[in-house]
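> okay, here's the prediction I keep looking at, along with the sequence it came from:
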Amino acid sequence: QVQLVESGGGLVQAGGSLRLSCAASTRSFSRYAMGWFRQAPGKERELVAAIDYSGTSTQYADSVKGRFTVSRDNAKNTVYLQMNALKPEDTAVYSCAISVLPYISNIYNTWGQGTQVTVSS
């Protein structure tokens with residue numbers, strides 16, 4: 001059973017930055033694409049960023065393009081989400097997920113517990 005553990009969330013003022021990390025327990029980490037999701041109260045979960053198995057291909061939701069950057073370190077079994085120029089509407093619980101495929105898709109089978117990001121105005 002794969003375990004994903006997020007860290008790095010917190011409270012930040014609008015315009016600030018945070019870097020989220022997600023550590024995976026599986027030795028197969030480097031074989032699969034990863035995604036970062038977020039869910040705000042009363043809203044559906046949305047995919048904000050994804051990265052393929054090698055880290056060479058990335059994808060972003062329109063709402064975060066130019067502000068968020070996803071990266072991975074396969075030697076550390078860790079995926080990151082660098083969030084800059086944060087806005088109050090970025091407030092949500094952020095979770096990472098591991099795909100069943102090496103390339104970016106909408107198919108994920110395991111999520112972490114999530115980390116709260118709160119952006120104050």
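Now that the structure is in, tell me what you want to look at.
> quick check: end-to-end length of stretch 3-18?
23 Å (C-alpha to C-alpha, to the nearest Å).
> buried residues, stretch 114-121. List them.
By 16 or more other C-beta atoms under 10 Å, the buried positions in stretch 114-121 come out as Gly114, Thr115, Val117, Val119. Where C-beta positions appear, they are placed from N, C-alpha and C, glycine not excepted.
> what about that stretch, average pLDDT?
Average pLDDT, stretch 114-121: 97.
> quick check: next helix or strand after the worst-scoring helix or strand of the chain on mean pLDDT?
Scoring the helices and strands of the chain by mean pLDDT, DSSP states H and E places strand 108-111 at the bottom, with a mean of 95. Heading C-terminal from strand 108-111, the first helix or strand you meet, by DSSP states H and E, is strand 115-120.
> list the helices and strands that next one packs on?
strand 10-13, strand 18-24, strand 92-99 (3 or more C-beta pairs under 8 Å, 6 or more residues apart in numbering; DSSP states H and E).
> got the contact list for the second one?
Meaning strand 18-24. With contacts defined as C-beta atoms under 8 Å, 6 or more residues apart in numbering, strand 18-24 is touched by 2-10, 12, 34, 36, 76-83, 86, 94, 96, 98, 112, 115, 117.
> who does it pair with, and is each partner parallel or antiparallel?
According to DSSP bridges, strand 18-24 forms sheet pairs with strand 4-7 (antiparallel), strand 78-83 (antiparallel).
> now those strands as TSV including mean pLDDT and mean neighbour count?
As requested, these are exported to TSV (pLDDT from 0 to 100; neighbours: other C-beta atoms under 10 Å):
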stretch	mean pLDDT	mean neighbour count
strand 4-7	97	18
strand 78-83	98	23
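> residues of stretch 58-67 that come out buried?
Thr58, Gln59, Tyr60, Val64.
> out of the residues you listed, which is nearest to Gly42?
Nearest to Gly42 among these, counting by C-beta to C-beta, is Val64 at 19.5 Å.
> surely that closest one meets Leu47?
No. The criterion here is C-beta atoms under 8 Å, and Val64 misses it with Leu47 at 10.2 Å.
> before we move on, back to that, out of the strands paired with strand 18-24, which is closest to Arg72?
Comparing the strands paired with strand 18-24 by C-beta to C-beta, strand 78-83 comes nearest, at 4.4 Å.
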